[in-house]
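1. Next input, structure requested:
(2 chains)
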Amino acid sequence: MAWPSSPEPPVITSAKIVIAGGFGVGKTTFVSSLSEIPPVNTEAWMTEVSEAVDPIEEGSSKTKTTVAMDFGRITIDDSLILYLFGTPGQPRFWFLWDDLCRGAIGALVLVDTRRLDVSFPAVNYFENDTGLPFVVAVNLFDGRLWHELSEVRDALALSPEVPLICCDARDRASSARALQTVVTHAMQQMGSSGPPPGALIGR
Amino acid sequence: MATQQPNRWVRPYVLTAGRTRTKRPLLMETLVSVTNYDPGFATTLLPESRALYEYARRTLSVAELSAHTGLSLGVTRVLLGDLVAQGRVMLHPTSALTGGGPSDFHMHHNVQLLERLRDGLAKLA
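-> Sure thing, here's the model as predicted:
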């Protein structure tokens, strides 16, 4: 059980992307399909607030929900690790979003077109409360796109500059491409006259 | 009825002597390593700090350390802050360049690092 403990451990940089969206949109699945560790789901973060368990929404095949947010890890190379943090879906954990988003490269907001409304709060949060670059991804449940992306964009009232893509959260490659879009979008925002540190996004 | 139930809502902050903040920003993804692991030092620590010290031998993020030890994020940060101040653990850099205040979400990121990230993700895609 002893880990090799060299005197000066090699320096490893960590980065973070937030996976957001409403209840049951596939955040846990998304994190699971990419993470090299089993998604850690901890109630420890919640004990400061509540231990209540959410009721299961009617009409949903989801049989249980995550009380806490979960996170995953992807080793990019021997000196760079990417962490994925899924946001808690329950409104009473809003205060944790700020902690999750601080320092993040950007966010991916997952939506389920059958229940777009559950992701409205997440979209609002990133549009109005943070300057964080974000991308919206329609999670292809059953591998099908049920609505045109332009319809989804209208329904979410997304600004034209917010990328809207499709992904299959169960599929590793598809999920990796979605993250790539987040990184590319963040780079573009940095390249253009992105918002200054701490600024709110206009419009 | 007035039995003394251990109150887990209060006790952690007794452990941290009432402190709820650390001097340095510890992001959830900040990696923590033990420098020169010292078993003798480990035995002097309270169980919670000791657990953090032992887990950090593997180089783990603040979020993972909190999850593994079952300590809240706030307590984890404060206790890690003490270990950092004592020179017992080191904090690794994050992609977010510090300098912004704690309320600044949109931190600057190193462009070369984002390129590495993008290219690394491409290998998975």
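2. Ranking helices and strands of the chain by mean pLDDT, which lands last?
-> No chain specified, so I'll use chain A. Each helix and strand of chain A was given a mean pLDDT (mean pLDDT, DSSP states H and E); the minimum falls on strand A:40-41 at a mean of 66.
3. um, chain B though
-> Among the secondary structure pieces of chain B, namely its helices and strands, helix B:11-15 has the lowest mean (mean pLDDT, DSSP H and E), a mean of 55.
4. Please pull up the helix or strand immediately following it.
-> Using DSSP states H and E, the helix or strand that follows helix B:11-15 in sequence is strand B:31-34.
5. Can you list the strands that that following strand pairs with?
-> Within its sheet, and counting by DSSP bridges, strand B:31-34 is paired with strand B:60-61 (antiparallel), strand B:89-91 (antiparallel).
6. May I have that strand as CSV, with CA atoms only?
-> Coordinates of each C-alpha in strand B:31-34 appear next as CSV, following Å, rounded to 0.1, in the frame of the first residue of the first chain:
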residue,chain,number,x,y,z
LEU,B,31,-3.5,19.0,-7.1
VAL,B,32,-1.8,18.4,-3.8
SER,B,33,1.3,16.4,-3.2
VAL,B,34,3.3,15.4,-0.2
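7. And the average pLDDT for it is what?
-> Averaging pLDDT along strand B:31-34 gives 96.
8. ok, now stretch B:57-72?
-> Confidence for stretch B:57-72, expressed as mean pLDDT, is 91.
9. Quick one: end-to-end distance for stretch B:41-58.
-> Taking Cα to Cα, to the nearest Å as the measure, stretch B:41-58 stretches 17 Å from start to finish.
10. what about the strands in chain A?
-> Taking DSSP state E to define them, one finds strands in chain A at A:13-21, A:40-41, A:70-77, A:80-86, A:106-111, A:134-139, A:164-167.
11. can I get these in a markdown table with distance to B:Y37 and mean neighbour count?
-> (C-beta placed from N, C-alpha, C; glycine too.) Supplementary listing: the strands of chain A in a markdown table, determined by distance: least, Cβ to Cβ, whole Å; neighbours: other Cβ atoms under 10 Å in any protein chain shown:
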| stretch | distance to B:Y37 | mean neighbour count |
| --- | --- | --- |
| strand A:13-21 | 21 | 26 |
| strand A:40-41 | 24 | 18 |
| strand A:70-77 | 22 | 20 |
| strand A:80-86 | 21 | 24 |
| strand A:106-111 | 36 | 27 |
| strand A:134-139 | 40 | 25 |
| strand A:164-167 | 42 | 18 |
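12. Redo those as TSV? Include distance to chain B.
-> Supplementary listing: the strands of chain A in TSV, determined by distance: least, Cβ to the nearest Cβ, whole Å:
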stretch	distance to chain B
strand A:13-21	4
strand A:40-41	5
strand A:70-77	4
strand A:80-86	4
strand A:106-111	9
strand A:134-139	11
strand A:164-167	11
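13. For those, which has the smallest mean pLDDT value?
-> Summarising mean pLDDT across these, the least confident stretch is strand A:40-41, with a mean of 66.
14. From the centroid of chain B, which residue is nearest?
-> Centrality entry for chain B: nearest residue to the mean C-alpha point is B:V62, 3.3 Å, by Cα atoms, centre = their mean.
15. I'd say that residue and B:M28 touch.
-> Yes: because the distance of 5.5 Å satisfies Cβ atoms under 8 Å, B:V62 is recorded as touching B:M28.
16. what residues are shared contacts of these two?
-> B:L73 (Cβ atoms under 8 Å, 6 or more residues apart in numbering or on different chains).
17. Nearest spatial neighbour of A:A137, chain-adjacent residues omitted?
-> Leaving aside its sequence neighbours, A:A137 sits nearest to A:C167 (Cβ to Cβ, 6 or more residues apart in numbering or on different chains; 4.5 Å).
18. Contacts only, for that neighbour.
-> Listed by Cβ under 8 Å, 6+ apart, the contact set of A:C167 reads A:30, A:110, A:137-140, A:174-175, A:177-178.
19. Equivalent analysis for A:R177, please.
-> Residues touching A:R177, when contacts are defined by Cβ under 8 Å, 6+ apart, comprise A:167, B:121, B:125.
20. Are we agreed that B:L121 is in a helix?
-> Yes: with DSSP: H, G, I helix; E, B strand; the rest coil as the criterion, B:L121 is part of a helix.
21. My guess is it contacts A:Q180. True?
-> Yes: with contacts counted by Cβ under 8 Å, B:L121 reaches A:Q180, the gap being 4.5 Å.
22. These two: which has the busier surroundings?
-> It is B:L121, of B:L121 and A:Q180, that has more neighbours when counted by other Cβ atoms under 10 Å in any protein chain shown, with 24 against 19.
23. Noted, bye for now.
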